[in-house]
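Peer 1: here is a sequence with its predicted model. Questions after.
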Amino acid sequence: MYTTMNCDFLETEFFYTSQISGQREKEYNDTLTWLKWVPSSEEVNHSNYQEEVNHSTQDESLASEQSEEPTISVMDHDPPSPTPEVSTPQTHENILNTKSHIDISTNNEIVEEQTVQEIQNEPIQDEVIQTTEKYVLPPRTNRGIPPKRYSPERQTGSSRYPIANIAKGNLSKEVKAFANAVYDEQIPNSVEQALKSKNWKNAMETEMGALMRNDTWEKCALPLGKKPVGCRWLFSIKHKPDGTIGRYKARLVAKGYSQTYGIDYSETFSPVAKMDTIRVLFSIAANKGWPLHQLDVTNAFLRGELKEEVYMEAPPGVVENFKPGEVCRLKKTLYGLKQSPRAWFGKFTLAMKGYGFQQSNSDHTLFLKRRGKLITCLIIYVDDMIITGNDEEEMKKLKASLSKEFEMKDLGRLKYFLGIEVLRSKKGIFICQQKYILDLLAETGMIDCKPATTPMMVNHKLCMVENAELADKERYQRLVGKLIYLSHTRPDIAYAVGVVSQFMHQPQVSHMEAVLRIIRYLKGTTSHGVLFQPNKHLKIQAYTDADWAGDKGDRRSTSGYFTLVGGNLVTWRSKKQKVVALSSAEAEFQGIARGLAEVLWIRKLLTEIGFPQTEAIKIMCDNKAAIQISENPVQHDRTKHVEVDRHFIKEKIEAKIIELPFVRSEDQLADILTKAVNERIFSVCLDKLRIGNPTTQLEGEC
């Protein structure tokens, strides 16, 4: 509150930015209009007070008639009309002889009139201001108005929290060029957008030419009783190893969701590569110095033979080549059909076995060939392949054989695979999903958001609350789905993503806020990922932990584990247990059993590749009671219901397959997979697991 001798001015805080709409924005603009004609006492010339002196008698009479009204009320009256200025000089004595009548709007009490004798010894607090339109908004009148807050709907060219520039000083020219190219290209979202570009139009023509050469369909009239499936175009960009654009790719995809089981499809199952297997291969390649090559099959799903009778609508963008009523009767499989993956993978498997490769039992998408100590590995995810090993001759031969039987693209050294960026230097292999995170921030409008230091608040207590406000279910599920895929290279968000995934059926506003906090954390860690270092060994190690009764809603525990191969993090899991544990030892016991199952799978996989484990695998645990139950023949009422897990663990200990050494809680790395921890503990665990920024971990040229 600022009070002059004849004017009240209330300085108000406005908590709404100019980006808002509706009544709040109107109130904000109206108030700014009032502020423009309220002058600052520092800018008023003494000559402006003469008119007040000349009219003091009239003011006193008016005040006596309207004793309940202030002379000038900023909040209740319109701006006064301009009045002519009086040039009569104003003296200090005239002002002192003028009686004042002030209404303090905070308590609506009238201040008693004072004479010159009563106030002559008091300092003058302020001066009377006669308001005119010539005055402009004085400086600092926005005092008390908060800065513009972040709004997802707001689009701006600057940010209070910009994403830091990524240093690429330790990367080679090839990697720099690739990183720059990946982020600059725009992909069309519709056929109309694609047809405006010559590059995308040529890509569509190339795809149609491949379909025609492959004799994928024949034109015909739709038979009675048959329903055609729809189709659409998908677009993507393939990059060369040096980061430049290799080709613009357009793919025609059938809308297989409209197919009917038993009529136009039957068997559909087809395996895809496990991300865990890919990370194990990365660790082996880093420790053994194996190269990583990438291949891409052109029109892979067009290679399979279609057994069922399937009809498809004319492709959009080329309907002028079809007569009215004509459709496509498919003769070969096509992307999008439910049976296409199975048909393609079956044909590819037969080809690999014909080259002398064996299919792994640990992951059916992994094919292995050993010649003494020489090893060649190929793993396939639909039509994208990674080849690695120490047999250069066999890898060249395999590439030639695949190119002869299928139309292949040799993409050179692995740089970008399934949305995962792969960087390599003398210090190891680094994987991250920086572009994926940037796309997520752009989609949610959170490019300008303030970063969070941890993905979830400590003691968050997220649960279902009765009669709570619901969030947008579709948007919630879409964001959580993206975060789940992102956790393939970001174990630091595994626990937080596991928590928010529990409310997919009916998300509430508090759950959406937790999802947005994870995204705010990603804003500050866009380039973070996992580093695979050459540690010159392939020993398996694991950390298991459990948070007993951590869920406040049903008191079930959350268990988690990290597994390492060759000193590098390869698999992790954070999962809520299915039953309520009666003690912390029981919760830890179940966590050990889950971690042991993962360790045994990795052990089997390494043995198939050619690296059997000769030493007992260490599974670190910070609960002595659980260790004692596992190692000793203990049998009592508290352990009856976990006998299966106990015998499973005890059997592996007796066979010298695993060991259960005790580790202090502060050294338990799996702690961040079971609960939300503070920033200090969180940072320490990430440093030990080598999860962070590549420019702080990689050195030297690639």
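Peer 2: That came through, no problem. Numbering: from 1, shown residues only.
Peer 1: packing partners of the helix or strand containing residue 606?
Peer 2: In this structure, residue 606 sits in helix 584-609 according to DSSP states H and E. Under the contact criterion of 3 or more C-beta pairs under 8 Å, 6 or more residues apart in numbering; DSSP states H and E, helix 584-609 touches helix 275-288, strand 540-547, strand 558-565, strand 568-576, strand 617-620, helix 624-631, helix 643-654. C-beta here means a position set from N, CA and C on the backbone, and glycine is covered the same way.
Peer 1: among these, which is nearest residue 384?
Peer 2: Taking C-beta to C-beta as the criterion, helix 275-288 is the member of the helices and strands packed on helix 584-609 that comes nearest to residue 384, at 10.7 Å.
Peer 1: next helix or strand past the closest one?
Peer 2: Elements were assigned by DSSP H and E; along the chain past helix 275-288, the next helix or strand is strand 292-297.
Peer 1: can I get that next one as CSV, trimmed to CA atoms?
Peer 2: Taking only C-alpha atoms (Å, rounded to 0.1, in the frame of the first residue of the first chain), the coordinates of strand 292-297 have been written out as CSV:
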residue,chain,number,x,y,z
LEU,A,292,30.0,-53.6,-34.1
HIS,A,293,28.4,-53.5,-37.6
GLN,A,294,24.9,-52.8,-38.6
LEU,A,295,22.8,-54.2,-41.5
ASP,A,296,19.3,-53.3,-42.6
VAL,A,297,17.1,-55.5,-44.8
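Peer 1: each with direction, which strands does that strand pair with?
Peer 2: Strand 292-297 has the following sheet partners, assigned by DSSP bridges: strand 384-389 (antiparallel), strand 408-413 (antiparallel).
Peer 1: distance from that strand to the middle of the chain?
Peer 2: Relative to the centre of its chain, strand 292-297 is centred 27 Å away, using C-alpha atoms, centre = their mean, to the nearest Å.
Peer 1: try stretch 293-309
Peer 2: Averaging C-alpha positions (C-alpha atoms, centre = their mean) puts stretch 293-309 32 Å from its chain's average.
Peer 1: ditto for stretch 591-601
Peer 2: In terms of C-alpha atoms, centre = their mean, the centre of stretch 591-601 is set 29 Å apart from its chain centre.
Peer 1: likewise for stretch 572-590?
Peer 2: Taking the mean C-alpha point of stretch 572-590 and that of its whole chain, the gap between them comes to 28 Å (C-alpha atoms, centre = their mean).
Peer 1: do stretch 449-468 as well
Peer 2: Taking C-alpha atoms, centre = their mean, one finds stretch 449-468 lying 16 Å from the centre of the chain it belongs to.
Peer 1: average pLDDT for that stretch?
Peer 2: For stretch 449-468, the per-residue pLDDT values average out at 92.
Peer 1: end-to-end on that stretch?
Peer 2: Separation of the first and last residues of stretch 449-468 by C-alpha to C-alpha, to the nearest Å is 26 Å.
Peer 1: which ones are touching the spatially closest residue to residue 286 that is not a sequence neighbour?
Peer 2: Leaving aside its chain neighbours, residue 286 sits nearest to residue 532 (4.0 Å; criterion: C-beta to C-beta, 6 or more residues apart in numbering). Each residue near residue 532 by C-beta atoms under 8 Å, 6 or more residues apart in numbering is listed here: 279, 282, 283, 285, 286, 428, 429, 430, 431, 566, 568.
Peer 1: look up which residues are beta-bridged to residue 532.
Peer 2: Note on residue 532: beta-bridge partners residue 429, judged by DSSP bridges.
Peer 1: distance of it from residue 510?
Peer 2: Note on residue 532: its distance to residue 510, by C-beta to C-beta, to the nearest Å, is 38 Å.
Peer 1: please apply the same query to residue 450.
Peer 2: Taking C-beta to C-beta as the measure, residue 450 and residue 510 are separated by 19 Å.
Peer 1: these two: which is more packed in?
Peer 2: Between residue 450 and residue 510, counted using other C-beta atoms under 10 Å, the more crowded position is residue 510 (17 against 13).
Peer 1: was I right about the more buried one contacting residue 465?
Peer 2: Yes: the criterion here is C-beta atoms under 8 Å, and residue 510 meets it with residue 465 at 7.2 Å.
Peer 1: now do stretch 252-264, average pLDDT.
Peer 2: Here the mean pLDDT over stretch 252-264 is 90, rounded to a whole number.
Peer 1: identify the residues contacting that stretch?
Peer 2: Judged by C-beta under 8 Å, 6+ apart, the contacts made with stretch 252-264 from elsewhere in the structure are 207-208, 211, 227, 229-234, 265, 308-310, 312, 315, 330, 334-338, 340.
Peer 1: picking up where we left off before, buried ones among the contacts of residue 532?
Peer 2: With neighbours counted by 16 or more other C-beta atoms under 10 Å, the contacts of residue 532 contain buried members at 279, 282, 283, 285, 286, 428, 429, 430, 431, 566, 568.
Peer 1: next, format those residues as CSV and append distance to residue 689 and pLDDT.
Peer 2: Supplementary listing: these in CSV, determined by distance: C-beta to C-beta, whole Å; pLDDT from 0 to 100:
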residue, distance to residue 689, pLDDT
279, 13, 97
282, 15, 98
283, 13, 97
285, 19, 97
286, 15, 96
428, 14, 94
429, 15, 96
430, 13, 95
431, 13, 95
566, 14, 96
568, 9, 96
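Peer 1: nearest to residue 186, of these?
Peer 2: Each of these was scored against residue 186 by C-beta to C-beta, and residue 431 proved nearest at 24.8 Å.
Peer 1: check which element follows the helix or strand that closest one falls within along the chain.
Peer 2: Under the assignment given by DSSP H and E, the secondary-structure element containing residue 431 is strand 428-432. Reading on from strand 428-432 to the C-terminus, the next helix or strand found by DSSP H and E is helix 434-444.
Peer 1: so which elements touch that following helix?
Peer 2: With contacts taken as 3+ C-beta pairs under 8 Å, 6+ apart, helix 434-444 sits against helix 173-184, helix 473-486, helix 509-523.
Peer 1: that helix to helix 473-486, inter-axis angle?
Peer 2: Interaxial angle, helix 434-444 versus helix 473-486 (axes from the mean of the first three to the mean of the last three C-alpha atoms, to 10 degrees): 170 degrees.
Peer 1: could you give the mean pLDDT of helix 434-444?
Peer 2: Here the mean pLDDT over helix 434-444 is 92, rounded to a whole number.
Peer 1: repeat that for stretch 336-355.
Peer 2: In this model, stretch 336-355 carries a mean pLDDT of 94.
Peer 1: neighbours of residue 320, how many?
Peer 2: Counted with other C-beta under 10 Å, the burial measure for residue 320 works out to 6 neighbours.
Peer 1: residue 314 versus that one, what's the distance?
Peer 2: For residue 320, the distance to residue 314 - C-beta to C-beta - is 9 Å.
Peer 1: in stretch 436-444, what's buried?
Peer 2: Those would be 436, 437, 438, 440, 441, 444, for stretch 436-444 by 16+ other C-beta under 10 Å.
Peer 1: any buried residues in stretch 551-567, and which?
Peer 2: Buried residues in stretch 551-567 (16+ other C-beta under 10 Å): 551, 556-567.
Peer 1: one more: stretch 250-267?
Peer 2: Buried residues in stretch 250-267, defined by neighbour count with 16+ other C-beta under 10 Å: 250, 251, 252, 253, 254, 256, 259, 264, 265.
Peer 1: ditto for stretch 527-543
Peer 2: By 16+ other C-beta under 10 Å, the buried positions in stretch 527-543 come out as 527-535, 538-543.
Peer 1: kindly report the same for stretch 405-413.
Peer 2: Neighbour-count burial for stretch 405-413 flags 406, 407, 408, 409, 411, 413 (criterion: 16+ other C-beta under 10 Å).
Peer 1: repeat that for stretch 298-305.
Peer 2: Residues of stretch 298-305 classed as buried: 298, 299, 300, 301, 302, 303, 304 (neighbour count, 16+ other C-beta under 10 Å).
Peer 1: did I read that right, the fifth one in a helix?
Peer 2: Yes: according to DSSP: H, G, I helix; E, B strand; the rest coil, the state of residue 302 is that of a helix.
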